[in-house]
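**Q** Fold the following.
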Amino acid sequence: MSKDQRENLIGLLSFGFFIMLFALFFIVVPGYYGKVADFFGDFELKEVASNLLLPAPESHHPVVYETVMRFCIVFGLFQFFVLALRFYLKSAVSKVAETISNIVLWLGAAYMSNLLFLEQLKWFTFLGGLLAVLGFSIIARSVSLLLFQFRKT
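**A** The predicted structure is shown next:
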């Protein structure tokens, strides 16, 4: 099997796990579909700054936030398995760095979702936190690329 085929299989494995996990939470969490529908139906425009209106949920949706948090935790931990596969199969440095970035992203999103679930954050602070996590994820990818490239030479 070629290196490209192995990389494609790892990508398919990760995508398949994502889809399976997504569907599983809808099956396992009682009434989750209705709770998600309630969440999206609860959005109202709120003034963030003068003359800037953005959508935000009117009320707290703990089941949705907790389920999103758990999804992010499980998928983030699964990325460690993907990382181990990448090392075992001697994947390209860019793929290893991408997986490290994914770990930071998913576990960071889990942390932010947990804070939202515990009502320690408001909606817009949560969104800002997700942007910060995205930034950390990009930094993790860049640092990983630099370290692994340096290590190879």
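
**Q** show me where the chain has helices.
**A** 3-28, 32-41, 62-88, 93-117, 123-152 (DSSP state H).

**Q** nearest to Leu52, of these?
**A** Closest approach to Leu52 among those is made by helix 123-152 (10.7 Å; C-beta to C-beta). All C-beta atoms are positioned from the backbone trio N, CA, C, and that covers glycine.

**Q** helices or strands next to that closest one in the packing?
**A** Secondary-structure packing of helix 123-152 (3 or more C-beta pairs under 8 Å, 6 or more residues apart in numbering; DSSP states H and E): strand 52-57, helix 93-117.

**Q** Adding distance to Ala49 and mean neighbour count, write the helices of the chain out as TSV.
**A** Shown next, in TSV, are the helices of the chain (distance: least, C-beta to C-beta, whole Å; neighbours: other C-beta atoms under 10 Å):
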stretch	distance to Ala49	mean neighbour count
helix 3-28	34	12
helix 32-41	24	13
helix 62-88	25	17
helix 93-117	21	20
helix 123-152	10	14
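
**Q** Columns mean pLDDT and distance to Pro55 on top of those helices, output as a markdown table?
**A** Shown next, in a markdown table, are the helices of the chain (pLDDT from 0 to 100; distance: least, C-beta to C-beta, whole Å):
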| stretch | mean pLDDT | distance to Pro55 |
| --- | --- | --- |
| helix 3-28 | 93 | 23 |
| helix 32-41 | 96 | 10 |
| helix 62-88 | 97 | 15 |
| helix 93-117 | 97 | 15 |
| helix 123-152 | 92 | 9 |
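
**Q** Near Gly31, how many other residues are there?
**A** By other C-beta atoms under 10 Å, 10 other residues sit near Gly31.
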